[in-house]
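K.L.:
Can you look at this prediction? I've put the sequence above it.
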Amino acid sequence: MKKISILIPCYNEELNVEPMAKELKEMFARDLPNYDYEILFIDNDSKDLTRPKLRKMCEEDKHIKAIFNAKNFGQFNSPYYGMLQTTGDCTISMVCDFQDPIELIPKYVKEWENGYKIVIGIKTSSKESKIMYFLRSLYYKVIKKFSDVEQIEHFTGSGLYDRSFVNVLRDLKDPKPFLRGIVAELGFERKEIPYEQPQRRAGKTSNNFYRLYDAAMLSITSYTKIGLRIATIGGAFLSAASLVIAFVYLILKLLRWDSFPAGMAPVLIGMFVWGSVQMFFIGLLGEYILNINDRIMNRPLVVEAERLNFDEDEKKS
C-alpha cells in the first residue's frame, strides 16, 4: 500500500489544527481509502495553544505526527525541513488555514498516479484582498520577466512532490531554500492544477509587510541579476549624463560669464539626487550580500525542540 505524507506548517494556528486534521482524515476515508497516510505538523514556535492541541492529537491518533521547532526559523526553512522529515511515497504540502483547499489532494494524487512526479496548485483567482492579489500578480510578472530561471506565477508551494524529488531537496543542503524557485529550476515535469484560493477559515495571518518583503527579496536575489545590472547600467548612464551636464554648464558659464550665475541650487539638487540613487543601490547590493552571507554560514534549516509519534528508525534528515 502506498503511503502519502501530508505536511502542514503552522504558527499560531490553535483554531485550525484540529479541524484540519479532522477533514484530512475524513478525506482519506472517503476519497483515498486505498492509501496509507501520515499527517505531519511542523510548528514554528507558536505562542498560543497550538502545541498543546497537537500533543493531544498525536496521543489520540498515531497517523498524526508533530515537530516542534526550538524557535521560529522563518516561513521558508520550516516547511522545507518538514518535507525532508516525511516518510511517504509522496509528500503533499498544505497550509493550515485552509487557503489550500483539501479538495485538491485527490486531484494531486490522480495526476501522480498518471506519472507526474510534481503536481502543484496554481491560483487563478483569490477571495483575498483584490489589491493584494493585484500586487502579487504584478510581482510574479516582474520576477518572471527578469529571472534567468523559469518562475511559476501564483504558485504558493502547495502541491504533491514524489519521493524522488524530495530526495533531490534533501541532497541540495541549501540553508536558505526557496521552494517555489527550486521546483521551477530543478523539478521534474509537472502538472498544474488551477484553483480559486478561499479566504482564511479562522485566526489571523502571520504575514505582514516584512515577511512579504523578505519573500520578495529572497526570490529576487536568488533568481535574478536585474538589481545588479540596473545598478551597473544605471550608474554608468547617470555618470555619463552628469559629465555631459557639467560640460554644458561649464561652456555656458564661459560664454556668458556675467549673465549665467553659478548658484548653489544645481549643486545641491545634484548632490541629493545622486546621493539617493547611491543609497538605493547600496541597499540593493546589501540584499544580495545578505543572501550570500546566509548561505556561506551554512546554519541548520531548523533546530528541533521535540518530535512526536516518530519511530526510532525515523532519523532526522
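P.N.:
Structure's in. What do you need?
K.L.:
Okay, helices next: where are they in the protein?
P.N.:
Taking DSSP state H, the helices of the chain run over residues 17-31, 50-60, 74-84, 104-113, 130-146, 163-172, 179-186, 209-223, 226-255, 265-297.
K.L.:
Confidence-wise, which of the ones you listed is weakest overall?
P.N.:
Looking over those, mean pLDDT reaches its minimum on helix 209-223, with a mean of 61.
K.L.:
out of everything not next to it in sequence, what's closest to Glu23?
P.N.:
Ile102 (5.5 Å; Cβ to Cβ, 6 or more residues apart in numbering). Yep, even glycine has a C-beta here, placed from its N, CA and C like the rest.
K.L.:
Correct me if wrong: the one you found contacts Val95.
P.N.:
No: with contact defined as Cβ atoms under 8 Å, Ile102 and Val95 do not form a contacting pair (10.9 Å).
K.L.:
Mutual contacts of the two, please.
P.N.:
Applying Cβ atoms under 8 Å, 6 or more residues apart in numbering, one finds that no residue jointly contacts Ile102 and Val95.
K.L.:
Out of the two, name the residue with the larger neighbour count.
P.N.:
Set side by side, Ile102 and Val95 show unequal neighbour counts under other Cβ atoms under 10 Å, the larger going to Val95 at 20 against 16.
K.L.:
which ones are touching the more buried one?
P.N.:
Under the criterion of Cβ under 8 Å, 6+ apart, the neighbours of Val95 are Ile8, Pro9, Thr156, Ser158.
K.L.:
Flag whichever of these scores worst on pLDDT.
P.N.:
In this model, the minimum pLDDT among the contacts of Val95 belongs to Thr156 (81).
K.L.:
ok, that one touching Gly121?
P.N.:
Yes: Thr156 lies in contact with Gly121 (Cβ under 8 Å); the separation is 7.4 Å.
K.L.:
Give me the common contacts of the two.
P.N.:
When Cβ under 8 Å, 6+ apart defines a contact, the residues bordering Thr156 and Gly121 alike are Asp100.
K.L.:
between those two, which one's more packed in?
P.N.:
When Thr156 and Gly121 are compared for neighbours, Gly121 comes out ahead with 26 against 18, by other Cβ under 10 Å.
K.L.:
Could you pull up the contacting residues of Glu189?
P.N.:
Shown in contact with Glu189 (Cβ under 8 Å, 6+ apart): Tyr116, Lys117, Ile118.
K.L.:
So what sits opposite the last one in the bridge?
P.N.:
Beta bridges link Ile118 to Tyr161, Arg190 when assigned by DSSP bridges.
K.L.:
what about it, distance to Gly187?
P.N.:
Ile118 sits 5 Å away from Gly187, going by Cβ to Cβ, to the nearest Å.
K.L.:
Also the first one?
P.N.:
Distance from Tyr116 to Gly187, counting by Cβ to Cβ: 10 Å.
K.L.:
can you pull the pLDDT of the spatially closest residue to Lys173 that is not a sequence neighbour?
P.N.:
With sequence-adjacent residues excluded and distances taken as Cβ to Cβ, 6+ apart, Lys173 is closest to Asn298, at 7.9 Å. Turning to Asn298, the model gives it a pLDDT of 70.
K.L.:
Any idea how many residues pack against Asn298?
P.N.:
Other residues within reach of Asn298, judged by other Cβ under 10 Å, total 10.
K.L.:
what's the answer for Pro106, then?
P.N.:
By the criterion of other Cβ under 10 Å, Pro106 has 14 neighbours.
K.L.:
Repeat that for Ser126.
P.N.:
Burial of Ser126, expressed as a neighbour count using other Cβ under 10 Å, amounts to 18.
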